[in-house]
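# Quick one, structure for this:
(one chain, ligands or ions: 3)
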Amino acid sequence: MPLLIKNAEIVTADQRYKADIRCDGETITSIGPNLTAPPGGETIDATGKLVFPGFIDPHVHIYLPFMGTFAKDTYATASRAALVGGTTTLIEMVCPSRADDPLESYELWKSKAAGQSACDYTFHMGVTRFDEKTPDQLRKIVADGTASFKVFLAYKGAFGVDDGELYQTLALAKRLGVIVTAHCENAEVVAQLQRQLLAEGKTGPEWHEPSRPPVVEAEGVHHLATFAGLTGAHVYVVHTSCCDALREAQAAHNRGVRLWVETVIPYLVLDKSYAARPDFEGAKYVMSPPLREKRHQEQLWNALAMGLVSTVATDHAPFDFRGQKEMGRGDFTKIPNGIPSVEDRVNLLYTFGVAKGRIDLHRFVDAASTQAARLFGLFPRKGTIAPGSDADLVIYDPAYRGTISAKTHHMNVDYSGFEGLAIEGRPSIVTVRGKIQSRDGQFIGDQTRGQLVHREPTHG
Ligand code: URP
Ligand code: ZN
Ligand code: ZN
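Numbers count the residues shown, from 1 in each chain. Ligands and ions are numbered 1, 2, ... in the order given. Got it, this is the predicted structure:
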């Protein structure tokens, strides 16, 4: 059904202006003053609202076998939650174990989403081992439209690659023109520190951070940057939590390494004191890299404002407190890592970033949508508002006031890491390729609207 949005205050990464937006089929067809209502279509009056391009979360986990259990969301629940929170495209990490066949795993991850997702989606292909078959398999996956890889320098024995595998993955990525996203922590040091802390009887969730201190993450970033410099590959550091890692990223830029930095919403809002909450409640706040001392937050916000941090993602990884996080009572190394936030990212970034004056509206749109679109081969189909782009639109109400709670969220997980936090602003209407999927905090759309988005390599 054609859609006309009247009196829109359009905000993109570099423009802000008033106009009407007309969508026909799945795309934006015209933007301008006094557009006429399409016959048989729907007209929305956006007076008083801001209209943003659909937000893109470039780092989520939905199907995730991890630490002896599975993340709780399905594509049905995660995509509905994403849409209610203004995210119209998800990029999920395919995370096979070292023993799994990459092509079979890729097909398995695709099958979890096919026909189940209410929003659009695509994948980063996890490379968790590299052998003689890998180049051929990865070429097929890239040809299928998945033009980015993921490596883990952490999680020794599970997803982690060794230095030979890292080198070969980056060298292949360079040849194929695809970007490599990377979890940067020194796995060997983490294993040593974990053993040491447990031997000293330090078993609670508050010891998770000391087992992975900032220097361990900074070393990971330096390590990745060294290998990227050697191979010429383009790399993207996921979930950056601390200023030590930012310094390594800046140093890599100064050497000419093509490296981009992501942070995730928990690091911008929460800090390590949450993981020390009594009665094991701290386990809700265990993720890797860990939540840091509060002093890191202002530096992350500054780096985001200045552009050293390109994107704000979630690293959405939902594990229930009851029965899953509880697996780590008496041993913090067994707490499934992750903080759910796919529904909350945009509202938290608006509230703690824009409303508090830390970032302007353009940086907000850029970090939560446009940069991810540019880096991962989705632009200009997604990440902007322009004729010819997908009609993924967020009509945002900056006057809304509310509170985050697990009692009202749509994610399939029994707690919220942001319980009780007040938010300023939320999406009023969210469209996916021209169809209204969410309205005022409720999913009202078509559960099977979402499509797998094909991406070409753009890092040649
Ligand atoms: O704690 C985290 N980050 N959980 C999800 C897996 C990962 O490392 O991204
Ligand atoms: Zn990670
Ligand atoms: Zn992750």
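
# what packs against the strand or helix carrying Glu248?
Following DSSP states H and E, one finds Glu248 within helix 243-254. Counting contacts by 3 or more Cβ pairs under 8 Å, 6 or more residues apart in numbering; DSSP states H and E, helix 243-254 is packed against helix 214-231, strand 259-264, helix 295-306. Where C-beta positions appear, they are placed from N, C-alpha and C, glycine not excepted.

# shouldn't Ala191 be in contact with Lys156?
Yes. In this structure, Ala191 is within contact of Lys156 by Cβ atoms under 8 Å, at 5.7 Å.

# Show me what from the stretch 251-400 of the chain comes close to ligand 1.
Contact residues (Cβ under 6 Å from any ligand atom) of the stretch 251-400 of the chain with ligand 1: Met287, Ser288, Asp315, Ala317, Asn337, Gly338.

# Which of the residues you listed ranks first by neighbour count?
Asp315 (29 neighbours; other Cβ atoms under 10 Å).

# pLDDT score for that one?
You'll see Asp315 listed with a pLDDT of 98.

# how about the helices and strands packed on helix 243-254, which one is nearest Val94?
Each of the helices and strands packed on helix 243-254 has some distance to Val94 by Cβ to Cβ; the shortest is strand 259-264, at 17.3 Å.

# Residues contacting the helix or strand immediately after the closest one in the chain from elsewhere in the structure, which ones?
With elements assigned by DSSP H and E, the helix or strand that comes after strand 259-264 is helix 265-269. With Cβ atoms under 8 Å, 6 or more residues apart in numbering as the test, helix 265-269 has contacts from 239-241, 285, 287, 291-292, 296-297, 300-301, 304, 312-315, 339, 341, 344-345, 348-349, 352-353, 417-418, 421.

# related to what we said a few turns ago, just the helices and strands packed on helix 243-254: most buried one?
Among those, strand 259-264 has the highest mean neighbour count (mean count of other Cβ atoms under 10 Å), at a mean of 25.

# thinking again about what came up before, can you put the helices and strands packed on helix 243-254 in TSV and add mean pLDDT?
Putting the helices and strands packed on helix 243-254 into TSV (pLDDT from 0 to 100) gives the following:
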stretch	mean pLDDT
helix 214-231	98
strand 259-264	99
helix 295-306	98
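
# so which of the ones you listed gets nearest Arg175?
Nearest of those to Arg175, taken as Cβ to Cβ: helix 214-231 at 9.4 Å.

# Can I get the closest one in PDB, CA atoms only?
Provided in PDB are the C-alpha atoms of helix 214-231 (Å, rounded to 0.1, in the frame of the first residue of the first chain):
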ATOM      1  CA  PRO A 214      41.400  -3.300  29.800                       C
ATOM      2  CA  VAL A 215      45.000  -4.200  28.800                       C
ATOM      3  CA  VAL A 216      43.800  -7.700  27.600                       C
ATOM      4  CA  GLU A 217      41.400  -6.000  25.300                       C
ATOM      5  CA  ALA A 218      44.000  -3.400  24.200                       C
ATOM      6  CA  GLU A 219      46.400  -6.200  23.400                       C
ATOM      7  CA  GLY A 220      43.700  -7.800  21.200                       C
ATOM      8  CA  VAL A 221      43.100  -4.600  19.300                       C
ATOM      9  CA  HIS A 222      46.900  -4.200  18.800                       C
ATOM     10  CA  HIS A 223      47.200  -7.800  17.700                       C
ATOM     11  CA  LEU A 224      44.400  -7.500  15.100                       C
ATOM     12  CA  ALA A 225      45.800  -4.200  13.900                       C
ATOM     13  CA  THR A 226      49.200  -5.700  13.400                       C
ATOM     14  CA  PHE A 227      47.800  -8.500  11.300                       C
ATOM     15  CA  ALA A 228      45.600  -6.100   9.400                       C
ATOM     16  CA  GLY A 229      48.700  -4.000   8.700                       C
ATOM     17  CA  LEU A 230      50.600  -7.000   7.400                       C
ATOM     18  CA  THR A 231      47.800  -8.300   5.100                       C
END
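
# Show the subsequent helix or strand relative to it.
Using DSSP H and E, the helix or strand that follows helix 214-231 in sequence is strand 235-237.

# Average the pLDDT values over that following strand and round to the nearest integer.
Mean predicted confidence for strand 235-237 is 99.

# With adjacent residues omitted, what lies nearest to Thr403?
Spatial nearest neighbour of Thr403, excluding adjacent residues (Cβ to Cβ, 6 or more residues apart in numbering): Ala422 at 5.6 Å.

# Any idea which residue of the stretch 351-460 of the chain lies closest to ligand 1?
Closest approach between the stretch 351-460 of the chain and ligand 1, counting by Cβ to the nearest ligand atom: Gly417, at 11.6 Å.

# contacting residues for that residue?
Each residue near Gly417 by Cβ under 8 Å, 6+ apart is listed here: Pro266, Leu270, Tyr274, Lys284, Tyr285, Ile339, Pro340, Ser341.

# Ok, Glu293 next?
For Glu293, the contact set (Cβ under 8 Å, 6+ apart) comprises Asp271, Lys272.

# Please repeat the previous calculation with a cut-off of 10 Å.
Glu209, Pro214, Cys242, Cys243, Asp271, Lys272, Ser273 (Cβ atoms under 10 Å, 6 or more residues apart in numbering).

# With Ala251 instead?
Going by Cβ under 10 Å, 6+ apart, Ala251 touches Ala218, Val221, His222, Ala225, Val257, Leu259.

# For the helix holding Glu248, list the C-alpha coordinates in CSV.
Extracted in CSV, the C-alpha atoms of helix 243-254 (Å, rounded to 0.1, in the frame of the first residue of the first chain):
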residue,chain,number,x,y,z
CYS,A,243,39.9,3.8,26.5
ASP,A,244,43.0,1.5,26.4
ALA,A,245,41.5,-0.2,23.4
LEU,A,246,40.6,3.2,21.8
ARG,A,247,44.2,4.3,22.2
GLU,A,248,45.3,1.2,20.2
ALA,A,249,42.7,1.9,17.5
GLN,A,250,44.0,5.5,17.2
ALA,A,251,47.6,4.3,17.0
ALA,A,252,46.6,1.8,14.2
HIS,A,253,44.9,4.7,12.3
ASN,A,254,48.1,6.7,12.7
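
# Next, the angle from it to helix 214-231.
Following axes from the mean of the first three to the mean of the last three Cα atoms, to 10 degrees, one obtains 20 degrees for the angle between helix 243-254 and helix 214-231.

# how far off strand 259-264 does helix 243-254 point, in degrees?
Per the same axes, to 10 degrees, the angle that helix 243-254 makes with strand 259-264 is 160 degrees.

# Go through helix 243-254 and flag the buried ones.
Neighbour-count burial for helix 243-254 flags Cys243, Asp244, Ala245, Leu246, Arg247, Glu248, Ala249, Ala252 (criterion: 16 or more other Cβ atoms under 10 Å).

# for the stretch 351-460 of the chain, what spans make up the helices?
Using DSSP state H, counting those that start in this stretch, the helices of the stretch 351-460 of the chain run over 361-365, 371-375.

# now do the stretch 51-200 of the chain
Secondary structure of the stretch 51-200 of the chain, counting by DSSP H, counting those that start in this stretch: helices at 75-84, 102-113, 134-143, 163-176, 187-199.
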